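Visitor: Dropping a prediction and its sequence here:
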Amino acid sequence: MDSKELKNKLSKLWKDTFHDSDDYVSLIFDNYYDPCFSECEETGGDVVAGLVGIPYEFGNASRKIRGLYLCGLATKPQYRSRGIMTRLLDRVNDKAREAGFAFTFLIPADESLRKYYRDRDYVNAFYRVIDNYTSLHDFDREYESILMEQKEKVAELKRRYFMSLNASVFDRMADNAEVVREGIRALIRSVEDVQQDLQIIHGDRDIRLLINENVIDRGQIHYVTNSDGEITAAAFSTVSDGAVKIVKLFSTDIASKYKVLGSVKKTNPDMAIRHYLSSIEMDRSALWMRTYGSFMKDAPQTGAVSITERVYSLAAHAKVYGMVRILDFSEILKFQAECRRDLKYSILVKADDAGSFEQIEVRDGRLRIKNLASETLTHSQIAHVMSKRDIGEILFRRNDTDNLITEAFGIPSINASICLMLD
């Protein structure tokens, strides 16, 4: 079967399984299909199971690591429970390892699939929460309440800046459509170029396709411009189940964030809003909490609620969004060490070779790995040896979990985050 025929049969399997529109399936296969990172099982010339791998980078402009996103995992009903998908996963992970990817990742649809992938060496890695707002919420008023915590002159300057911002909705048929596309691209790249931790980086092609996908999904992209015409915020949203779902919001400052949220609300005045936030965005909310004090939530109906209470409440409801299968631990640990030069720890890990171990040391932003034979270790040391799966679960744990883990091993959560994925 040649590459073109395989591509057509895999796209048909995707459509038959997930019932996505022709435009959506074409967007994926015309732009992302690569036979090198796609796997399938054939029976009698028919593709009965398959998956597609899409390369992504994580990090920022100066420090990057590669992950392979696996999507469209599908098996025809009559061929399930035969171990076919397990073989496909093993094959694509072997290819990804040889190609230098540090991990593969995927987005399970439900708990049963999370268990399925957990049994195939995937660990929970990406988390998100939903910040719910009622149809009565007033974002302009909320931002004003934040300003009330500032000194009068500072508050007035920020108030004027907020008033100078203009909110709009992207229209792909408008005369300025290309200018707006470029502005949104520049905003996303500027935010992601300086981000920290293991956050996904969207390339120029990704951003272009994400804008096209939003159009296919009949969604809206709200954006904010400052007095110089620069785009300072953009919110990708869709409408489903009677509510507006903001799947990602980019902003350069808190005023632009509230201005774009207000735009979403004013365009959909009778709908509730579900704003999806990653664990890293929760950390940013905690920073704003320390900076701004308290603000109003759903005022005047529910009264004043502190940011502390809101952040804690949201973090407690974080749900698993994606999972990873680690292919190169040293690359991930090195990435974290370079991001966190304050880290100091030493752990013993079971090596890939039976009967041998690795001593991993992190100090001053550097990673050192020393191979050790079992006979060189004491019984006490062997008792504290961890598997690489254990390390993976520690690295990719929810970052608001008990600090006892960090205190015990010296390893904080790597704060992994994905957003705007073609799932």
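Guide: Here it is on my side, so go on.
Visitor: Which residue, neighbours along the chain excluded, lies closest to Pro35?
Guide: Ser3 (4.9 Å; CB to CB, 6 or more residues apart in numbering). In this view, the C-beta of every residue, glycine as well, is placed from N, C-alpha and C.
Visitor: Can you pull out the residues in contact with stretch 343-351?
Guide: Defining contact as CB atoms under 8 Å, 6 or more residues apart in numbering, one finds that stretch 343-351 is touched by 329, 336-337, 357-363, 365, 371-372, 377, 381-382, 384-388, 391, 409-412.
Visitor: Out of these, list just those in helices.
Guide: 329, 336-337, 381-382, 388, 391, 409 (DSSP state H).
Visitor: For the buried ones among these, write the corresponding PyMOL selection.
Guide: Per 16 or more other CB atoms under 10 Å, the buried members of the ones in helices among the contacts of stretch 343-351 correspond to this PyMOL selection:
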select buried, resi 329+336+337+391+409
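Visitor: Same list (the ones in helices among the contacts of stretch 343-351) but as JSON lines, adding distance to Pro108.
Guide: What follows is those, written out as JSON lines (distance: CB to CB, whole Å):
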{"residue": "Phe329", "distance to Pro108": "22"}
{"residue": "Gln336", "distance to Pro108": "24"}
{"residue": "Ala337", "distance to Pro108": "29"}
{"residue": "Gln381", "distance to Pro108": "36"}
{"residue": "Ile382", "distance to Pro108": "35"}
{"residue": "Lys388", "distance to Pro108": "21"}
{"residue": "Ile391", "distance to Pro108": "21"}
{"residue": "Phe409", "distance to Pro108": "27"}
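Visitor: from the ones in helices among the contacts of stretch 343-351, which is closest to Val260?
Guide: Relative to Val260, the closest of these is Gln336; by CB to CB it sits at 31.8 Å.
Visitor: residues contacting the closest one?
Guide: 198, 343, 362, 395, 414.
Visitor: Contact partners for the first one?
Guide: So the one you mean is Leu198. By CB under 8 Å, 6+ apart, the neighbours of Leu198 are 58-59, 65, 332, 335-336, 414-417.
Visitor: what ranges do the strands span in the stretch 201-350 of the chain?
Guide: In the stretch 201-350 of the chain, the strands defined using DSSP state E, counting those that start in this stretch lie at 220-225, 231-240, 243-251, 272-278, 294-296, 304-306, 319-326, 345-350.
Visitor: Asp423 contacts Leu73, correct?
Guide: No: counting by CB atoms under 8 Å, Asp423 sits too far from Leu73 to count as a contact (10.8 Å).
Visitor: Which one's more surrounded, those two?
Guide: Under the criterion of other CB atoms under 10 Å, the comparison of Asp423 against Leu73 puts Leu73 first, with 23 against 14.
Visitor: Now the nearest residue to that one once chain neighbours are set aside, what are its backbone angles?
Guide: In space, and not counting its chain neighbours, Leu73 is closest to Leu51: 4.5 Å by CB to CB, 6+ apart. Torsion angles at Leu51 (phi, psi; degrees, to the nearest 10) stand at phi -160, psi 160.
Visitor: Counting neighbours, what do you get for the closest residue to Arg340 other than its chain neighbours?
Guide: Computed as CB to CB, 6+ apart, the closest residue to Arg340 that is not its neighbour in sequence is Pro412, at 7.0 Å. When neighbours are counted by other CB under 10 Å, Pro412 registers 19.
Visitor: How confident was the prediction at Pro412?
Guide: Looking at Pro412, its pLDDT stands at 89.
Visitor: Mind listing residues that contact stretch 238-258?
Guide: Stretch 238-258 has contacts (CB under 8 Å, 6+ apart) with 139-140, 142-143, 146, 158, 161-162, 165, 187-188, 190-191, 214, 217-220, 224, 226, 232-237, 260-261, 264, 268, 271-276, 288, 292, 419-420.
Visitor: Of these, just the buried ones, PyMOL syntax please.
Guide: Selecting only the buried entries of these in PyMOL, with 16+ other CB under 10 Å as the criterion:
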select buried, resi 139+142+143+146+158+161+162+165+187+188+191+214+217+219+220+224+226+232+233+234+235+236+237+260+261+264+268+271+272+273+274+275+276+292+419+420
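Visitor: how about the residue of the chain most remote from its centre, secondary structure?
Guide: Distance from the centre of the chain peaks at Glu375, with 42.4 Å (CA atoms, centre = their mean). Following DSSP: H, G, I helix; E, B strand; the rest coil, the label given to Glu375 is helix.
Visitor: Distance-wise, check it relative to Phe357.
Guide: Taking CB to CB, to the nearest Å as the measure, Glu375 falls 11 Å from Phe357.
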